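> sharing a model prediction with you, sequence too.
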Amino acid sequence: MNGEREVLEDGRRPARGPDEAAGSHAPEKPVRRGRTPGVPRNAAAARDAVVRRLRERFRGRREEGPAEVVVGDALLVTSELVTNAVRHGGGLTGFTTEITDEGLLLTVSDASTRPPVTAERDPAVVPVGGYGWLLVRRLAKRVSVTYLPDGKHIAALIPLA
């Protein structure tokens, strides 16, 4: 996420971001899998993990930590990515949080190789739903999608300042 393009162990390169994530892929039926240890059960548990990570990072520091609106953005991105993995991605298969010099790095994995929906939506045509990926792209500093044979990882960097 430092501007260099990641190369996977097998030599493949992940998508460079949301625009590449819009590439065409054959439709697939999501595969349901058993719960993986260490992976939150749902979006609420994932948000709790983010709050814990932020508390750990800023505990005992003189500065107050990130503003409430920044924490709210991080929690909204977390909710959208996890909910989309569960609803549209065949299930949540991985979840990590990391605090970097640039902000909070969330990585959410699911069991689908289908790209996130990136089409702009007209509220007059689609009055409910379909805005989660747009919110993620708007609130995150950077978003990348890495496709794997059995799913994908979506990494989102949320600035904390």
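Here it is on my side, so go on.
> you'd agree Leu92 is up against Val108?
Yes - with contact defined as CB atoms under 8 Å, Leu92 and Val108 form a contacting pair (6.9 Å). Where you see a C-beta, it was placed from the backbone N, CA and C, and this is true even at glycine.
> pull up the overlap in contacts between those two.
Ala46, Val82, Ala85 (CB atoms under 8 Å, 6 or more residues apart in numbering).
> just the buried ones among those residues, please.
With burial judged by 16 or more other CB atoms under 10 Å, the buried subset of those is Ala46, Val82, Ala85.
> just the residues you listed: which are in helices?
Among these, the ones falling in helices (DSSP state H) are Ala46, Val82, Ala85.
> ok, now how distant is the second one from Ala67?
If you measure Val82 against Ala67 using CB to CB, to the nearest Å, the figure is 23 Å.
> before we move on, what about Leu139?
14 Å.
> same deal with Ser112?
Distance from Ser112 to Ala67, by CB to CB: 34 Å.
> those two: who's more crowded?
Ser112 (22 against 11; other CB atoms under 10 Å).
> wait, a strand at that one?
No - looking at Ser112 with DSSP: H, G, I helix; E, B strand; the rest coil, it is coil, so not inside a strand.
> mind checking pLDDT for it?
Ser112 carries a pLDDT value of 96.
> which regions of this protein lie under the pLDDT threshold?
1-37, 60-63, 119-123, 126-129 (pLDDT under 70).
> and the strands in it?
92-100, 103-110, 142-148, 151-158 (DSSP state E).
> any buried residues in the first one, and which?
So the one you mean is strand 92-100. Quick answer for strand 92-100 (16+ other CB under 10 Å): Leu92, Thr93, Phe95, Thr97.
> over to stretch 54-71?
Quick answer for stretch 54-71 (16+ other CB under 10 Å): Leu54, Pro66, Val70, Val71.
> kindly export it (C-alpha atoms) in CSV.
C-alpha atoms of stretch 54-71 as CSV (Å, rounded to 0.1, in the frame of the first residue of the first chain):
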residue,chain,number,x,y,z
LEU,A,54,-7.8,2.2,18.3
ARG,A,55,-8.0,2.1,22.1
GLU,A,56,-4.8,0.0,22.3
ARG,A,57,-3.0,2.5,20.0
PHE,A,58,-4.0,5.6,21.8
ARG,A,59,-4.1,4.4,25.4
GLY,A,60,-1.9,6.4,27.7
ARG,A,61,-1.0,9.0,25.1
ARG,A,62,-1.1,12.7,25.7
GLU,A,63,-3.0,13.3,22.4
GLU,A,64,-6.7,12.5,22.5
GLY,A,65,-6.6,10.1,19.6
PRO,A,66,-8.7,10.4,16.4
ALA,A,67,-11.7,12.6,16.3
GLU,A,68,-15.1,11.0,16.7
VAL,A,69,-15.9,11.6,13.1
VAL,A,70,-12.8,9.8,12.0
VAL,A,71,-13.6,6.8,14.3
